[in-house]
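**Q** Sequence first, then the predicted structure, then my questions.
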Number of protein chains: 6
Amino acid sequence: MSSALPVAQTPALSYGPLPGYTSIVAGIATPGVAYVELARPLRHNAFHEQLWDEFPRIVVAGQGRNFCAGIDVAYLRRNFLALEQRPPPASGAGGGGGALAAGAASAEAPPAGCPGMQRAAMRRSILALQEAFSEIERCRSPVIAAVQGRCIGGGVDLVTACDLRLCSEDASFCVKEVDLAIAADLGTLQRLPHIVGHGAAMDLALTARTVDAVEAKRMGLVSHVVAAAPDGAALQPRPVVAAALQLAARLASKPLLAVQGTKRVLLHARDQPRVADGLDYVATWNSAQLLSSDLMAALAGAGAGAGSAGTPRARL
Amino acid sequence: MSSALPVAQTPALSYGPLPGYTSIVAGIATPGVAYVELARPLRHNAFHEQLWDEFPRIVVAGQGRNFCAGIDVAYLRRNFLALEQRPPPASGAGGGGGALAAGAASAEAPPAGCPGMQRAAMRRSILALQEAFSEIERCRSPVIAAVQGRCIGGGVDLVTACDLRLCSEDASFCVKEVDLAIAADLGTLQRLPHIVGHGAAMDLALTARTVDAVEAKRMGLVSHVVAAAPDGAALQPRPVVAAALQLAARLASKPLLAVQGTKRVLLHARDQPRVADGLDYVATWNSAQLLSSDLMAALAGAGAGAGSAGTPRARL
Amino acid sequence: MSSALPVAQTPALSYGPLPGYTSIVAGIATPGVAYVELARPLRHNAFHEQLWDEFPRIVVAGQGRNFCAGIDVAYLRRNFLALEQRPPPASGAGGGGGALAAGAASAEAPPAGCPGMQRAAMRRSILALQEAFSEIERCRSPVIAAVQGRCIGGGVDLVTACDLRLCSEDASFCVKEVDLAIAADLGTLQRLPHIVGHGAAMDLALTARTVDAVEAKRMGLVSHVVAAAPDGAALQPRPVVAAALQLAARLASKPLLAVQGTKRVLLHARDQPRVADGLDYVATWNSAQLLSSDLMAALAGAGAGAGSAGTPRARL
Amino acid sequence: MSSALPVAQTPALSYGPLPGYTSIVAGIATPGVAYVELARPLRHNAFHEQLWDEFPRIVVAGQGRNFCAGIDVAYLRRNFLALEQRPPPASGAGGGGGALAAGAASAEAPPAGCPGMQRAAMRRSILALQEAFSEIERCRSPVIAAVQGRCIGGGVDLVTACDLRLCSEDASFCVKEVDLAIAADLGTLQRLPHIVGHGAAMDLALTARTVDAVEAKRMGLVSHVVAAAPDGAALQPRPVVAAALQLAARLASKPLLAVQGTKRVLLHARDQPRVADGLDYVATWNSAQLLSSDLMAALAGAGAGAGSAGTPRARL
Amino acid sequence: MSSALPVAQTPALSYGPLPGYTSIVAGIATPGVAYVELARPLRHNAFHEQLWDEFPRIVVAGQGRNFCAGIDVAYLRRNFLALEQRPPPASGAGGGGGALAAGAASAEAPPAGCPGMQRAAMRRSILALQEAFSEIERCRSPVIAAVQGRCIGGGVDLVTACDLRLCSEDASFCVKEVDLAIAADLGTLQRLPHIVGHGAAMDLALTARTVDAVEAKRMGLVSHVVAAAPDGAALQPRPVVAAALQLAARLASKPLLAVQGTKRVLLHARDQPRVADGLDYVATWNSAQLLSSDLMAALAGAGAGAGSAGTPRARL
Amino acid sequence: MSSALPVAQTPALSYGPLPGYTSIVAGIATPGVAYVELARPLRHNAFHEQLWDEFPRIVVAGQGRNFCAGIDVAYLRRNFLALEQRPPPASGAGGGGGALAAGAASAEAPPAGCPGMQRAAMRRSILALQEAFSEIERCRSPVIAAVQGRCIGGGVDLVTACDLRLCSEDASFCVKEVDLAIAADLGTLQRLPHIVGHGAAMDLALTARTVDAVEAKRMGLVSHVVAAAPDGAALQPRPVVAAALQLAARLASKPLLAVQGTKRVLLHARDQPRVADGLDYVATWNSAQLLSSDLMAALAGAGAGAGSAGTPRARL
């Protein structure tokens, strides 16, 4: 909806490699807004807690024509299939300090070929990959996904873990895992139903059919569709990224604690759907964090305009 | 959708002040349907259990051009900010009988300025306000919100606690709290996701953007949009109220226990989403309340028409 | 959406009575796809676990012009009302072996007319009916409902227990129970909110209003609407059934374990909405079932095409 | 355990009728400690929220030789059995204001003899009785039960809703309901398993066997057993009451917010057993209420004694 | 505790093979009490729903000197290890009717050696074994375990699924699975913590240490210990079985609906520990089943004795 | 219980500083058993995931005469009270890379003195401290606490997070927080009720009374009490540590996957008390990890001894 999110006044965007990360470039747009561009979102710990916590609002976008094509098949092959013929671990492997490492190595070295050990290792490997996306939820500030082109498999795991989703008119979404003989295990099957409902999630995940931007908007998978760049245009940043940056800047201008509290309380309500529990939680939360400098400023501001008769502006 | 809810045959509506309430006017439309018009929905205990239980169906509407502009900022200032500089309680304060009150007063008088006591009092204050809306859910019969004009902040807390929501074409909704530096704490963050999904609730609550009647219908926030009164028309009651009263009259004509049971079982399912638990609950419920006079009448009526070949009317 | 689900290449469909069942006809369309046509879906144990487990994908459709007109009122009258004047059980009643049966008969024969015993029996009777639909969920493979004409009352209980729902343009849905003085107790009140949201479920169940195919699609109650057969046409199978069979064939061509795991994990997420629990569950699940012959075949196939530059086909 | 709870220095206890209550006498022992003596604990609203909230610590004891003999059978007969032959309500019944009451009366008057209405009324009646005990839990401060003699049926419902339980050596407990053809419905079946475990609760509730003070202590049903008064002695107050009053005085001397927070957080943990949820809740709680005047006083006091070498008193 | 459960007046016990079962002998002791003696409790469907439902009270005991030595290792070897080298299924295998079976066979025949399929089959196999024990819980009436000698591994799974547990002085319990390289998967890890607490369950399950009758009683694992038969005595039935039969007879003499309701409500509370949910459930339950013939008889009886001054017998 | 855990054959124990930690000394006892001795258990990240995962079994003990005297009051004063007068953050503070850090610093620097920001920081601080103890649960292998002397406040938080607890005869336990004006927030209020029941936890946490070793054993807070060292003896290691090391060695000799699976499944059951959920979880778990080298070895060993008539050793 370009009218709601006009792409004029695009914030300047300059960014470069992020120290310590080889698959992310990042930068600052508006003050308080980080921009992260991903090539390989599934690299373990790609989204580290420290990164998230430094910024009030974060925009996530993919590099190039397509947002995210999911897990690299070569990665899958290396990681999971190798389990079948895993060689015995080298005796000196593992870190840790001196005596401890020696004791550990001799005690837990999994017997080569133990199928139970292989499965236990695979379970931990999946849990570790899931963590990369769950970090997005743990980020105190909202994370906005800006999707252009195809968003497939792991890309859907990623965007459903974000708090807000915008896409361009040419975007499409596909829960592709079932076609590669996988039950999606990085979050889509858990988070998508909270967004589009159980029935629609079952439809998308069983059929692996592709959903275009219009249907994604209708389902509630994205909140806004942004016009694609005209053919031949080399707009920088791309319109959907510009719209996401503008939305992020808008959020960055709002009272910080209220934004972060709202995100956290909504995630609490998602995981604990009983309304009475959620009411108790938010009352307890606000008893701690409601009395902020921003509230006093807001009340002062509201009070100042209290003379303007009839307008409900001063109330909420 | 005026065809589904034709505004002809508008029920006569006469009402006046409700004894004991200064901010509500109420009356009877159809027998069995109460009409409540609110000016200040957040007054503690405004919706008292006794009021709800006396009526099978209730319509809630706002007075004047806008449904509800939310919490009065002056109220906020008086209640929350005053906590910061609360004076020591007067020694004779508190009610209760003689010796008891004296013992209590000396024991629990919170030390002036104890920040923990202030927060504990604030938590109880929020919980008490929440109760006013949760009473709507506890009302055994359905409560219908009729929204015209703006429905902001506390207004959304109110309508999401109602069972059915109608709005006029000129209605709009805004989860405004974040702009006043508040994480909404009277129910919106808990109940809205059950109605529009987690993604849309995150969008509305983080951005505080205004949603018009068309989008509210598309999202499922309201079930019907009613044409607004033509300019200059002084229709009484307003069309959306008339439609809500008709809907209430329709519900009032249905078997009472079935309507109340359906409401309660759906609320149970919302709070306990596991289907197996819900199935056990409704089986237990119906084993008590299914055998009603209404069921026997319904079966007798259905049996009477059993001869009409081919029509599925007699089955459900 | 006929373009997405073209009705050309309709699979041949031959079927006949299912041994041991008097109210179901069943057959094989595509290999791996069972077709079940119901006249009386509420017959206890109609969907037996053995039936479901033999088939990877199942299509459920109704016989004749209307999908399902719900519970036969005569059935209701026989079962529930009879409780009121239940005669004392015949002394020789009950099964079991010799001495055991004799001991039981004398011990538990409910005193004629004990209202508590009647209610306990009614509760068990409802639980047993619920089981017939819950079996659909327990079926490891997806079950697809193909709805033409009217789907009323128990019909909605049935289709909400299915995993995917298609309907023809002339289909309509009605949660009719409240009009017959019943709080729907066979699953609609528990499963419908997960599909269309709490607000829409409250609307449909309280008002018992009829929803046509277009609104059903918009709400997410069905995932596709199929064009109805032209007047006078005697298409066999009906277009919506043909579309459902094609969808079933498509699912049958996908890796079996991934399809079944996806269904099960989504049902787990529905019943346990906390995302962290679901992530742990799917990681544990996949650590057991991910390493399948299908995955190896998929990876081999993906690897073969790895040279095709730029296409995200080989990733998910 | 009289050594831990020496009955010397018994607090003076004077009390009398509580205004507005006919079945409770109450008074003040130590400042901040209320004493409530019950004759008829099941009277609806006997424990009113206002009463609880005025006092930091409350002791509950029974009048006379036995703590509580449970529900009066005459009460049961009047309330439940009367449902069977309830006459049509008098036309002028019900309260409320003028027009409202008239409208209600004509709409909801339950048809005489409708078995569904009778059951709905019975369900509400049980819920209302339960509330009287749940109020004890909602009391912000701890409630201590002092049990002497027999504690039967409703008496167990009462004491399991208290936070702490003492008994005299001659006390005994019996979940008697099953013998009167009732599944206990005022809280025992829900709260007792949290105290003594599921297995012991099943044993007590199915067999209705009587448990003496020694076994009650071993099971964890009471935390302390107090020596009974010697034969012929007319100690006032009874030793178990004196011990409970001393314990209450001890609690009353502790930091108020910490005591109330501990009670509430433990109840939260009981109802939401997932440890991670409870940890988040208590962190949120303490972020609001930890910084109290009492904490500062405690830290100051601890600091003062920091010189006393080796004692861990200054740490917790 | 032989005084509480005197073994005099032992009920006569005659029993024989149960038609259709090869590993159970069963009989009637007191009218209304079934006696089941197990040799091989893990045989799938050994406890069939029909068996349980015919009897108000059931006693479970083991044949011979030891109660249950757990899973037969030969069984384990046959079932689980065979998965590793499972041959392709014979083409004609599987049941079902003609065409259906043929279609199924060709579609789902798991590829020989697919490790995912093997794990899926193993999961279903474990779930099926669990069902045999969960049937005990679903039995409406209480099931009493009478344990003599050793109760190991699967024996603990069995007795923790029973409602009441007695043992003889020579009984011992051991959660042995960890020593055979298994995480116990038939219920012990789920049910034991509800009986003895999380800490004690962790102790027993990690260490696999043997617990004797005295410690079992102290932990709450059994409710009573019965004196063992004197050496050389050939008491029939064994004392612990006689005590269990007496207890069963006592339960059989209590009002049936109250006993069954108590069992069911306590199991509900175990699985849904939130007290408020349990209170709503039991209120709904009792609104259906409280008004029984037994209640009226109990009230009549209580009324008759109302003259006996001072005794609390007429109350509960 | 020294007979069960004889302290002869004490494992040799040599240890020293752990690289990177200043408040822990650690070493290897038996191969596969780590020994960790704590001075300051609440240091953030003191128990790092990497440490835990390297060792199959871990013993935790306190240095010196007392196990753990809880939080250092000086720490409390520094961390929480300082919030009240927190100075504005230095402009160059914070880490991260170049431009990112600069953007963050200007955007999120909390306004000095904002009470909401202070509370938000305090909440995060508590959550971080909680993590140090929750790491113990996340450790795949069992963690054993060996308690001598006093275990107070934070010490109880620590030992309740361990899987097994031993103590010496002179040990004592005290949930001390309430006396320092704190609602315990590092886990005791969540984990203790699962171990000793809700009633006993309420008793200990409200009264802050000290529990000695005998009562701790009776409550189930510890599983074994070990004789204290005789006066004047300088046993190294202390007897309770020697007993814990022996227990650890015993666990280390058991099949690794079964031990780790048992721990994890019991923690799952604690957090998700519904038995049916836990049964599904353990079935899924075992379908992945049951087929281990250890199981095959166990079955082979069991098979070898199958000839020994009558002994149930080969079964579980």
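**A** Perfect, I can see it now. Residues are numbered from 1 along each chain as shown, chains lettered A, B, ... in the order given.
**Q** Please enumerate the helices of the stretch 201-316 of chain A.
**A** Assigned by DSSP state H, counting those that start in this stretch, the stretch 201-316 of chain A shows helices spanning A:213-219, A:239-252, A:256-271, A:275-289, A:293-304.
**Q** Pick out the shakiest of those, pLDDT-wise.
**A** The weakest mean pLDDT among the helices of the stretch 201-316 of chain A belongs to helix A:293-304, with a mean of 74.
**Q** buried residues in that one?
**A** A:293, A:294, A:295, A:296, A:298, A:299, A:302 (16 or more other CB atoms under 10 Å in any protein chain shown). Any C-beta I mention is one placed from the backbone N, CA and C, and that applies to glycine too.
**Q** Show me what that helix is packed against.
**A** When contacts are defined as 3 or more CB pairs under 8 Å, 6 or more residues apart in numbering or on different chains; DSSP states H and E, helix A:293-304 packs onto helix A:256-271, helix B:73-79, helix F:115-138.
**Q** Could you dump those helices into CSV and include distance to chain C?
**A** Output for the helices and strands packed on helix A:293-304, formatted as CSV (distance: least, CB to the nearest CB, whole Å):
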stretch, distance to chain C
helix A:256-271, 4
helix B:73-79, 28
helix F:115-138, 12
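**Q** For residue B:164, find the nearest of the helices of the stretch 201-316 of chain A.
**A** Closest to residue B:164 of the helices of the stretch 201-316 of chain A is helix A:275-289 (CB to CB; 17.1 Å).
**Q** quick one: the closest one near chain C?
**A** No - figure legend: helix A:275-289 not in contact with chain C (CB under 8 Å from any CB of the partner chain); closest approach 10.1 Å.
**Q** so what secondary structure elements neighbour that helix?
**A** Using 3+ CB pairs under 8 Å, 6+ apart, the elements in contact with helix A:275-289 are helix A:256-271, helix B:115-138, helix B:188-196, helix B:256-271, helix D:275-289, helix F:115-138.
**Q** Just name the most buried of the ones you listed.
**A** Mean neighbour count (mean count of other CB atoms under 10 Å in any protein chain shown) peaks for helix B:188-196 among these, with a mean of 27.
**Q** Using CSV, write out every CA atom in that one.
**A** Below are the C-alpha coordinates for helix B:188-196, written out as CSV (Å, rounded to 0.1, in the frame of the first residue of the first chain):
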residue,chain,number,x,y,z
THR,B,188,-6.2,-5.3,23.6
LEU,B,189,-2.8,-7.1,23.5
GLN,B,190,-4.4,-10.3,24.8
ARG,B,191,-7.7,-10.4,22.9
LEU,B,192,-7.0,-8.8,19.6
PRO,B,193,-4.6,-11.5,18.4
HIS,B,194,-7.4,-14.1,18.9
ILE,B,195,-9.5,-12.1,16.6
VAL,B,196,-7.2,-10.9,13.8
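**Q** Tell me which residues are up against that helix.
**A** Residues outside helix B:188-196 that contact it (CB atoms under 8 Å, 6 or more residues apart in numbering or on different chains): A:194, A:220, A:262, A:265-266, A:269-270, A:273, A:275, A:278-279, A:282, B:156-157, B:160-161, B:175, B:177, B:183, B:201, B:204-205, B:219-221, B:270, C:193, C:197-199.
**Q** I'd like the average pLDDT over it.
**A** 98.
**Q** For the spatially closest residue to residue A:116 that is not a sequence neighbour, which residues are in contact?
**A** Leaving aside its chain neighbours, residue A:116 sits nearest to residue F:292 (3.0 Å; criterion: CB to CB, 6 or more residues apart in numbering or on different chains). Counting by CB under 8 Å, 6+ apart, residue F:292 touches A:114, A:115, A:116, A:117, E:181, F:255, F:257, F:258.
**Q** Kindly confirm whether my reading is correct that the third one touches residue F:260.
**A** If I follow you right, that is residue A:116. No - using CB atoms under 8 Å, residue A:116 is not in contact with residue F:260, being 10.1 Å away.
**Q** before we move on, back to that, distance to residue F:188 added to the helices and strands packed on helix A:293-304, as TSV?
**A** Formatted as TSV, those follow (distance: least, CB to CB, whole Å):
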stretch	distance to residue F:188
helix A:256-271	23
helix B:73-79	34
helix F:115-138	10
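**Q** Low-confidence regions, chain A specifically.
**A** By pLDDT under 70, the low-scoring segments of chain A are A:1-32, A:38-57, A:61-65, A:68-112, A:231-236, A:302-316.
**Q** Give me every residue in it lying close to chain E.
**A** Selection of chain A residues close to chain E by CB under 8 Å from any CB yields A:115, A:276.
**Q** Chain D contacts on chain A?
**A** Going by CB under 8 Å from any CB, the residues of chain A near chain D are A:268, A:272, A:277, A:280, A:281, A:284, A:285, A:287, A:288, A:289.
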